[in-house]
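Asker: Just the structure for this:
(one chain, ligands or ions: 1)
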Amino acid sequence: SVEASIPEPQRAAWKKFQANGFISQEDFEREVVRHVETTLARSMFNCDETAAYAAASLAFRDRLITEWNRTQQRQTFADGKRVYYLSLEFLMGRALDNAMLNVGLKDVAKNGLSDLGFRIEDIIDQEHDAALGNGGLGRLAACFLDSLASLNYPAWGYGLRYRYGIFKQEIVDGYQVEVPDYWLDFNPWEFPRHDVVVDIQFYGNVRKYQDEVGKQIAVWEGGEIVKAVAYDVPIPGFDTPTTNNLRLWSSKAASGEFDFQKFNSGDYESSVADQQRAETISAVLYPNDNLERGKELRLKQQYFWVAASLYDIVRRFKKTKRAWAEFPEQVAIQLNDTHPTLAVVELQRILIDLEGLEWDEAWTIVTKTFGYTNHTVLPEALEKWSVPLMQNLLPRHLQIIYEVNLYFLQSVERKFPKERELLSRVSIIEESQPKMVRMAYLAIVGSHKVNGVAELHSDLIKTTIFKDFVKIFGPDKFTNVTNGITPRRWLHQANPRLSELIASKTGGIGFLKDLNLLNELEKYVDDKEFKKEWAEIKYANKVRLAKHIKTTTGVTVNPAALFDIQVKRIHEYKRQQMNIFGVIHRYLTIKAMTPEERKKLAPRVSIFGGKAAPGYWMAKTIIHLINNVGAVVNKDKDVGDLLKVIFLEDYNVSKAEIIVPASDVSEHISTAGTEASGTSNMKFVLNGGLIIGTCDGANIEITREIGENNIFLFGNLAEDVEDLRHAHTYGSHTLDPDLVKVFEEIKKGTFGDATAFGALTGAIEDHGDYYLVSDDFHSYIQTQALVDEAYKNQDEWISKTIMSVARMGFFSSDRCINEYAESIWNVEPLSPKKETAPGLLM
Ligand code: T68
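Answerer: Purely as a prediction, here's the structure:
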């Protein structure tokens, strides 16, 4: 065992004094006070909420790290296969509430904090979100970490420790303003590992020669070195002692603080500049979602993170003293999109250049090790790197890519000798000016499995962007794993009252680990008492959001109104513009109504939230229009409560936890075939909201699970999109008459200077309406009318929401992770022995 390596007397001492973490309220309070008084050097007289947050977090951190240590020992000793999830983004949100719930000690903490004079909600609220991601892709990675730990899989996440996460959004005069997110000022959740440091090489050149036995040797020489320092974040599983690791790399100059030689020779400025250049690598998260811009620093980030992670993984494997052929039996690496694709090349380089394996032997190991997840079909989001750029930064990797491509194209030619065009279509190198490396193609060739993230999306990639590769590799290489969400954060943490009610009817909190147990709720769709409680919880959640709206925007909204919510990154394909045009249409309709008609209409609050990429002008214009419409509508006394329009500033994970439980209806209205999956659709339904959506992404599977009577679907189908676009460009393009009226109102200046919105209306009127806003507008308006009607029958509405929640079990990220484990990774959970479980109070 691990312990056997330590002599008996020392072992006894270590065991006697081992840290165990608190279980009782008294021990928790003792830990908090100790941290306030010693770690923070404060006292009860100057312990504010920030200090109390710090101390409570440190108390929980100590607990987590104890279990983290044991988990790592257990996994090392078991010596089985591990999963490595490589993601350039982890959108974690807050950690304290999650840690308290996952280890089952939130009540202990609540009472302990209260005893010390604090309200737990206020303490939780002190924490800054860890926002190391843009949107769905980054949040998916965070849900996966929660599921991997909760299911006891031996798994590590690898990412970058950005000094600045996604920017903080402020709305000034209706415009988005970006403010840097400096979140590391105080972060108790990370452990710097100054002993885990990896040298990463950039630039330089490749020297080739033949050794004594005539073998070709390549040596990558020169260039510069940057250090990668590991920072570990413990990831506690729910209701299990398993605590996995998220390792984030931070960049540092190789020469330490300063280059002393330069410093002493008087070149102070350039020695500081070197240091800053190195630290720039992990300085900032690129704020684009579904867009790749090919910047050199981004490529540097990718290689820096991939090379450090692979060094770490390979070092861990080498400690087992196994033969290289066994590498894929010990290691599964999942590529979260193409961002880590250089890992394929780096592993091949390590095996052939550093470990001396033959090409074919190495390549077999590589392809068995990797799996690749695709998250988009949008052409502007598919990663390509210019060959000259890569030649300069990573000369040896470019050679290996060319060689991979050569062997791949040779095999294609052997299989399809008559198809000349096929070769140029599937080539990893695009013969453009300059030449480009197509990262998705490299990821496909370098992996044994490729998956999409919802059924429609997985079908689409097989029939469109990766069609040729299905023909070459056969259909079995391509598979689907529909996304999921963790019910711990997105139900138990965000909606504690609903979670408690469900627990009371499904036999305890077991549903949080086996979400199909929600099925039990179907029995209560007609239970009066249950429905009353269910409705009360929704109302209370709406009151909570209404308060947030009041304090952040100053607008009073009626919690009895229908809350209609669209929160997600702002993007033309997600069609927030269609939503706001629909709101304007509603406003005009109300203005034209008689008092009698007005009485019949359900009051509505249209709520928007989401960030626009700083360089995405059209997305910023959409935000501007929403705010201007709000400014007009919200002060129109004639309309009153019948319509309110809210833009919530700085949408992020912790705000989502307030917003998601408060929806009556949420909008998932992307042009069919553009949203790979969507995951907030799942969160809203799981919290007892209905959705209005297009036949896109996971909406389709949600419909199948919950029943088509419980969802408001509208719009054109993915299969018709291409023809419609073609007709716009080559036929006559007449706009929907209701949309025309909306545009007229905008152009009249009702919502401020109309020229500001010319690009928005112009994209639809004059530039082909690529996202089919006009084609879907009528169907959208009609479906919104159906929502109004359905909401009037509250009894039936509540039944629909209960039925929907009861059927959402499929969308747990636990199901999703089990599918990856079985069909892609071939890894098994490693369950801790029951008696080592921490004091879980349930
Ligand atoms: C999202 N992708 C998909 N990308 O849009 C969404 N892209 O449908 C899906 O549910 C989710 O992934 C999870 O599968 C993204 O969020 C990005 O954020 C991104 C970031 C950088 C570059 C490209």
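
Asker: Give the closest residue to the closest residue to the ligand within the chain in space, chain neighbours not counted.
Answerer: Nearest residue of the chain to the ligand, counting by CB to the nearest ligand atom: residue 136, 3.0 Å away. Placement of C-beta: from N, CA and C, glycine included. Closest residue to residue 136 apart from its sequence neighbours, by CB to CB, 6 or more residues apart in numbering: residue 679 at 5.3 Å.

Asker: Quick check: phi and psi on the one you found?
Answerer: Main-chain torsions, residue 679, degrees, to the nearest 10: phi -130, psi -20.

Asker: Local confidence estimate at it?
Answerer: Per-residue pLDDT puts residue 679 at 99.

Asker: do the same with residue 263
Answerer: Confidence score, pLDDT, at residue 263: 63.

Asker: how about the residues of the protein near the ligand?
Answerer: Within the chain, the positions near the ligand by CB under 6 Å from any ligand atom are 134-137, 140, 288-290, 292, 375-376, 381, 453, 483, 675-679, 697.

Asker: Helices of the stretch 501-650 of the chain, start to end?
Answerer: 528-553, 576-591, 595-600, 617-634 (DSSP state H, counting those that start in this stretch).

Asker: mind putting these in a markdown table, mean neighbour count and mean pLDDT included?
Answerer: Formatted as a markdown table, the helices of the stretch 501-650 of the chain follow (neighbours: other CB atoms under 10 Å; pLDDT from 0 to 100):
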| stretch | mean neighbour count | mean pLDDT |
| --- | --- | --- |
| helix 528-553 | 17 | 98 |
| helix 576-591 | 22 | 98 |
| helix 595-600 | 10 | 96 |
| helix 617-634 | 21 | 98 |
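
Asker: out of those helices, which comes closest to residue 229?
Answerer: Of all the helices of the stretch 501-650 of the chain, helix 617-634 sits nearest to residue 229, with 35.2 Å by CB to CB.

Asker: Which residues does the closest one contact?
Answerer: The contact list for helix 617-634, computed with CB atoms under 8 Å, 6 or more residues apart in numbering, reads 171, 174-176, 555, 570-572, 576-577, 580, 583-584, 587, 608, 612-613, 639, 643-647, 746, 750-752, 756-757, 759-760, 763.

Asker: Try it again at 7 Å.
Answerer: 171, 174-176, 555, 570-572, 576-577, 580, 583-584, 587, 608, 612-613, 639, 643-647, 750-752, 756-757, 759-760 (CB atoms under 7 Å, 6 or more residues apart in numbering).

Asker: does residue 663 really touch residue 563, like I thought?
Answerer: Yes - with contact defined as CB atoms under 7 Å, residue 663 reaches residue 563; the gap is 5.5 Å.

Asker: one step back: are any of the contacts of helix 617-634 buried, and which?
Answerer: When these are checked for burial by 16 or more other CB atoms under 10 Å, the buried set is 171, 174, 176, 555, 570-572, 576-577, 580, 583-584, 587, 608, 612-613, 639, 643-647, 751-752, 756-757, 760.

Asker: Sort out for me which of those residues are in strands.
Answerer: 171, 176, 608, 643, 644, 645, 646, 647 (DSSP state E).

Asker: between these, which is nearest residue 475?
Answerer: Closest to residue 475, out of all of these and judged by CB to CB, is residue 608, at 40.8 Å.

Asker: Just give the nearest non-adjacent residue to residue 157, would you?
Answerer: According to CB to CB, 6+ apart, the nearest residue to residue 157 is residue 246 (4.1 Å).

Asker: Am I right that the one you found sits in a strand?
Answerer: Yes - secondary structure of residue 246 (DSSP: H, G, I helix; E, B strand; the rest coil): part of a strand.

Asker: tell me which residues of the longest helix along the chain are tucked away?
Answerer: Ranked by residue count, the top helix of the chain under DSSP state H comes out as helix 49-78. For helix 49-78, burial by neighbour count (16+ other CB under 10 Å) applies to 51-68, 70-72, 74-75.

Asker: what's the span of stretch 415-430 from first residue to last?
Answerer: Using CA to CA, to the nearest Å, the end-to-end distance of stretch 415-430 comes out at 21 Å.

Asker: And stretch 511-519, how far out from the chain middle?
Answerer: 23 Å (CA atoms, centre = their mean, to the nearest Å).

Asker: avg pLDDT for that stretch?
Answerer: 98.

Asker: which residues are in contact with it?
Answerer: With CB under 7 Å, 6+ apart as the criterion, stretch 511-519 contacts 150, 238-239, 487-488, 492, 502, 506, 510, 805-806, 808-809, 812, 814.

Asker: Looking at those, which are in strands?
Answerer: Per DSSP E, these never map to strands.

Asker: Narrow those residues to just the buried residues.
Answerer: 150, 238-239, 487-488, 492, 502, 506, 805-806, 808-809, 812, 814.

Asker: C-terminal to the one helix or strand residue 306 maps to, what's the next element?
Answerer: According to DSSP states H and E, residue 306 maps onto helix 296-318. Using DSSP H and E, the helix or strand that directly follows helix 296-318 along the chain is helix 327-330.

Asker: Which strands or helices does that following helix pack on?
Answerer: helix 359-369 (3 or more CB pairs under 7 Å, 6 or more residues apart in numbering; DSSP states H and E).

Asker: Specify which member of the buried ones among the contacts of stretch 511-519 is nearest to residue 596.
Answerer: Once CB to CB is applied, the member of the buried ones among the contacts of stretch 511-519 that ends up nearest residue 596 is residue 805, at 36.4 Å.

Asker: Touching, the closest one and residue 688? I think so.
Answerer: Yes - with contacts counted by CB under 7 Å, residue 805 reaches residue 688, the gap being 5.7 Å.

Asker: Which stretches in the stretch 701-842 of the chain count as helices?
Answerer: Under DSSP H, counting those that start in this stretch, the stretch 701-842 of the chain gives helices at 718-730, 737-748, 758-765, 773-792, 794-806, 813-820.

Asker: got the angle between the second one and helix 617-634?
Answerer: Okay, so that is helix 737-748. Relative orientation of helix 737-748 versus helix 617-634 (axes from the mean of the first three to the mean of the last three CA atoms, to 10 degrees): 90 degrees.

Asker: CA atoms only for helix 737-748 - export them in CSV, please.
Answerer: The C-alpha coordinates for helix 737-748 follow below in CSV (Å, rounded to 0.1, in the frame of the first residue of the first chain):
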residue,chain,number,x,y,z
PRO,A,737,-46.3,42.2,-42.1
ASP,A,738,-46.2,42.3,-38.3
LEU,A,739,-42.5,42.5,-38.3
VAL,A,740,-42.7,45.4,-40.9
LYS,A,741,-44.9,47.3,-38.4
VAL,A,742,-42.3,46.7,-35.7
PHE,A,743,-39.6,48.1,-37.9
GLU,A,744,-41.7,51.1,-38.8
GLU,A,745,-42.1,51.9,-35.1
ILE,A,746,-38.3,51.6,-34.6
LYS,A,747,-37.7,53.8,-37.6
LYS,A,748,-40.1,56.4,-36.3
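
Asker: what's around residue 416, how many residues?
Answerer: 15 (other CB atoms under 10 Å).

Asker: Next up, identify which helix or strand the nearest residue to it once chain neighbours are set aside is on.
Answerer: Excluding the flanking residues, the one nearest residue 416 by CB to CB, 6+ apart is residue 422, at 5.6 Å. Element membership for residue 422, per DSSP H and E: helix 420-426.

Asker: State the next helix or strand along the chain beyond the helix or strand bottoming out on mean pLDDT in the chain.
Answerer: Here the helix or strand of the chain ranked lowest by mean pLDDT, DSSP states H and E is helix 260-264, holding a mean of 66. The first helix or strand that comes after helix 260-264 along the chain, using DSSP H and E, is helix 268-280.
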